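> sequence and predicted structure are below.
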Amino acid sequence: MNGHGWGPPGPGQRALALGPGGTRLRLPVALGLLVVGLLVGAALSVLPAPTPVARTPGPGGIGPAAAGFPAAHDYEVVFSESDLPVGTLWQVEFGIKLENTTGSTIDFSVPNGTYGYSANTPAQPDRYPVDGYTSVNGSDVNVSLAFPPPTYTIGFSESGLPTGHGLSWNVTLNGTPEATFPGYSLYFFLTNGTYPFTVGGSPGWTADPESGNVTVDGADQAIAITFTVTPPSSGGGGGTNRSTNTTPYYHVTFVETGLAAGTNWSVAFGASVANSTGNSLAFFVPNGTYAMVIYPVAGYTGPSDGQIAVSGADVNVPLVFLSSTFPVIFVALGLANDTPWSVTVTNVSLGVDQTLTTVSPSLLFDLPNGTYGDSVAAAGYTSNLSAGSFTVAGHLIPAETAHFTPVAGPGKGKNGTTGPTSAAGLPASWYAGFGAIAVALAAAALVLGRRAQLRREGNDLVSRMRQLEGPDPPFPPPK
């Protein structure tokens, strides 16, 4: 009517005119859009979170590599030995792997990187330590291990000498002298072979045997020495009974500090050598000036050599040992890239309580000899260590491994992995569903609002047309 495209609906219809030309949008269509939007939003909201991309371990098996990079190529690292007796069980700890054999080689497969290793024989781990580092750089590596030959203990024990009289006795085995006091034994450590020895004592006493040979053939040896009073010399006026020792002797006592309990240490004093695992050792000597040599102790810096003068009194000599430090490595597995993590090591007796933090896959401590407790931590992860404590004993120890596991919680996928989330912590798929629902509601509101507006415009148009046409004619009078 009048080109406005508006007209009353036909019988049984409800329609809206949306514009010129009479285009019509019925109410059921709007309701249909609303239903479709609701269904789409619900479907999006229940979609699973995207699966995290698997990460390939980085070089050396330490830490994850960047997502999307191919796995690193592995190369063979072959350890070989030729010094141990045939059939001897030996082992190599390489990185975080441990292998053993009774053969001549042990193989590992690893990617490029620098690795520490420690090799020994399980039957005598302290007698055959071989430590070091090797690097893998695009090719296989062969490492030859030089195990020292096995050593055995040769012990000399004494009987016959009285204690408390300033007496001492000594043994020189294969050119090496050792000395001690009545009631104590002397020990040497040698490889297979035959070695000469001589025995000496205080004036007035004779050793039996005074000399001889000891043969070492794959086993420890024990030799008993018996001392007796030297008989008087004969002839010319009867001689002198040398069992009476009138020369005064004095104690020269060496007292050490700084060594771990049970550490063996040795001192050469004059022509005598003594060792101890306690904190002191002593010599009995007459007046004079004596050379003093302090033997090195693995893992410590000892005092300098010098001279000691004895002049009518006992002498105490303090010896201070300073502990050297050794590298201790911790390796983290299971952390996301650039995640901070920390390690704390403690030793109450040494006063050590040290914490280091890093985002790298490994941490390095420099620690003196001793036994340490350790713990690790990383925010958002639980963790455990390959060992709850470790001991530093004069050489590099195998790496400690910390395994981290993500803590499960809101927005976490299977095994605690994290899918895409919003700042509020909800999965992104939920927000996609909510957005679709909001769009559907907005469309429905627009349609319904437009319908009401057109209805009002239509009513106004009818009113204006009636005013232009004039009042309706009167009804004819009834007949």
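Great, that's in hand. As the structure is a prediction and not an experimental result, all values here were calculated from the model. Numbering: from 1, shown residues only.
> poorly predicted segments of the stretch 351-479 of the chain, please.
Scanning the stretch 351-479 of the chain with the threshold set as pLDDT under 70 gives 394, 396, 409-452, 454, 462, 465, 468-479.
> the strands in it, which residues?
352-358, 362-368, 370-377, 381-385, 389-392, 400-406 (DSSP state E, counting those that start in this stretch).
> just put those in JSON lines and tack on mean neighbour count.
No exception for glycine: its C-beta is placed from N, CA and C like everyone else's. Listed next are the strands of the stretch 351-479 of the chain as JSON lines, based on neighbours: other C-beta atoms under 10 Å:
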{"stretch": "strand 352-358", "mean neighbour count": "13"}
{"stretch": "strand 362-368", "mean neighbour count": "17"}
{"stretch": "strand 370-377", "mean neighbour count": "17"}
{"stretch": "strand 381-385", "mean neighbour count": "16"}
{"stretch": "strand 389-392", "mean neighbour count": "17"}
{"stretch": "strand 400-406", "mean neighbour count": "20"}
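> between these, which gets nearest to Pro209?
Minimum separation from Pro209 across the strands of the stretch 351-479 of the chain (C-beta to C-beta) falls at strand 389-392, 41.9 Å.
> hang on, the earlier thing: now the strands of the stretch 351-479 of the chain as CSV including distance to Pro248?
What follows is these, written out as CSV (distance: least, C-beta to C-beta, whole Å):
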stretch, distance to Pro248
strand 352-358, 47
strand 362-368, 42
strand 370-377, 43
strand 381-385, 60
strand 389-392, 46
strand 400-406, 57
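> can you list contacts of the helix or strand where Thr344 lies?
Assigned by DSSP states H and E, Thr344 belongs to strand 341-347. When contacts are defined by C-beta atoms under 8 Å, 6 or more residues apart in numbering, strand 341-347 is touched by residues 328, 330, 332, 335, 352-359, 363, 365, 367, 370-378, 381, 383, 402, 404.
> what separates Ile106 from Ser118, distance-wise?
12 Å (C-beta to C-beta, to the nearest Å).
> show me which of these two is the more surrounded one.
With neighbours defined as other C-beta atoms under 10 Å, Ile106 and Ser118 compare such that Ile106 has more, 23 against 19.
> for that one, list each beta-bridge partner.
Note on Ile106: beta-bridge partners by DSSP bridges are Phe79.
> now do the contacts for it.
78-79, 90-92, 99-100.
> narrow those to those that are buried.
Buried members of these, counted by 16 or more other C-beta atoms under 10 Å: 79, 90-92.
> so among those residues, where is pLDDT lowest?
Lowest pLDDT of those: Trp90, 88.
> follow-up on the earlier one: which among the buried ones among the contacts of Ile106 gets closest to Pro340?
Ranked by distance to Pro340 (C-beta to C-beta), those are led by Val92 at 32.7 Å.
> re earlier: which positions within the strand holding Thr344 qualify as buried?
Buried, per 16+ other C-beta under 10 Å, within strand 341-347: 341-343, 345, 347.
> okay, those in a markdown table with pLDDT next?
Output for the buried residues of strand 341-347, formatted as a markdown table (pLDDT from 0 to 100):
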| residue | pLDDT |
| --- | --- |
| Trp341 | 94 |
| Ser342 | 94 |
| Val343 | 93 |
| Val345 | 92 |
| Asn347 | 89 |
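> hang on, the earlier thing: tell me the strands beside the strand holding Thr344, with direction?
In the sheet, strand 341-347 lines up against strand 352-358 (antiparallel), strand 370-377 (antiparallel) (DSSP bridges).
> now for those, which one comes closest to Pro203?
strand 370-377 (44.9 Å).
> re earlier: I'd like the buried residues of strand 341-347 as JSON lines, with distance to Val86 appended.
Converted to JSON lines, the buried residues of strand 341-347 look like this (distance: C-beta to C-beta, whole Å):
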{"residue": "Trp341", "distance to Val86": "46"}
{"residue": "Ser342", "distance to Val86": "48"}
{"residue": "Val343", "distance to Val86": "42"}
{"residue": "Val345", "distance to Val86": "41"}
{"residue": "Asn347", "distance to Val86": "41"}
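> how much space between the residue lying closest to Ser157 once chain neighbours are set aside and Ala224?
Nearest-residue entry for Ser157: Ser185, 4.6 Å, with adjacent residues in sequence omitted and distances by C-beta to C-beta, 6 or more residues apart in numbering. For Ser185, the distance to Ala224 equals 10 Å [C-beta to C-beta].
> shared neighbours, the two?
156-157.
> and the two? Which one has more around it.
More crowded of Ser185 and Ala224, by other C-beta under 10 Å: Ser185, with 15 against 12.
> now do the same for the more buried one: its pLDDT.
Here, the pLDDT recorded for Ser185 equals 92.
> again with the one 3 residues further on
Among the per-residue scores, Phe188 holds a pLDDT of 94.
> count of neighbours near it?
Neighbour tally, Phe188, other C-beta under 10 Å: 21.
> next up, the contacts around the closest residue to Tyr300 other than its chain neighbours.
In this structure, Tyr300 finds its nearest non-sequential neighbour in Phe321, 4.3 Å apart by C-beta to C-beta, 6+ apart. Counting by C-beta under 8 Å, 6+ apart, Phe321 touches 256-259, 265, 297, 300-303.
> now Ser375
Counting by C-beta under 8 Å, 6+ apart, Ser375 touches 343-344, 385.
> okay, and the beta partners of it?
Beta-bridge partners recorded for Ser375 (DSSP bridges): Thr344.
> just Ala224 next, same as before
Bridge pairing for Ala224 - DSSP bridges - gives Ser157.
> pretty sure it contacts Gly155?
No: taking C-beta atoms under 8 Å as the definition, Ala224 is not a contact partner of Gly155, at 9.5 Å.
> what pairs with the one helix or strand Val317 maps to, parallel or antiparallel?
Taking DSSP H and E as the definition, one finds Val317 inside strand 315-320. Using DSSP bridges, strand 315-320 pairs in its sheet with strand 250-257 (parallel).
> residues contacting the partner strand, please?
166, 265, 267, 269, 279-287, 290, 308, 310, 312-321.
> at 7 Å instead, please
Identification of contacts with strand 250-257 by C-beta atoms under 7 Å, 6 or more residues apart in numbering yields 265, 267, 269, 279-285, 308, 310, 313-321.
> quick one: residues contacting Gly373.
Gly373 neighbours (C-beta under 7 Å, 6+ apart): 346, 388-389.
> and the nearest residue to Leu167 once chain neighbours are set aside, backbone torsions?
Spatial nearest neighbour of Leu167, excluding adjacent residues (C-beta to C-beta, 6+ apart): Ser202 at 4.3 Å. Ser202 adopts backbone torsions of phi -70, psi 150, taken as degrees, to the nearest 10.
> Ser202: neighbouring residues, count only.
Number of residues near Ser202 (other C-beta under 10 Å) recorded here: 18.
> report pLDDT for it.
Ser202 carries a pLDDT value of 73.
> pretty sure it is touching Asn170, no?
No: assessed by C-beta atoms under 7 Å, Ser202 is found out of contact with Asn170, at 9.8 Å.
> quick one: which of the buried residues of strand 341-347 is nearest Thr215?
Of all the buried residues of strand 341-347, Thr215 sits closest to Asn347, with 44.4 Å by C-beta to C-beta.
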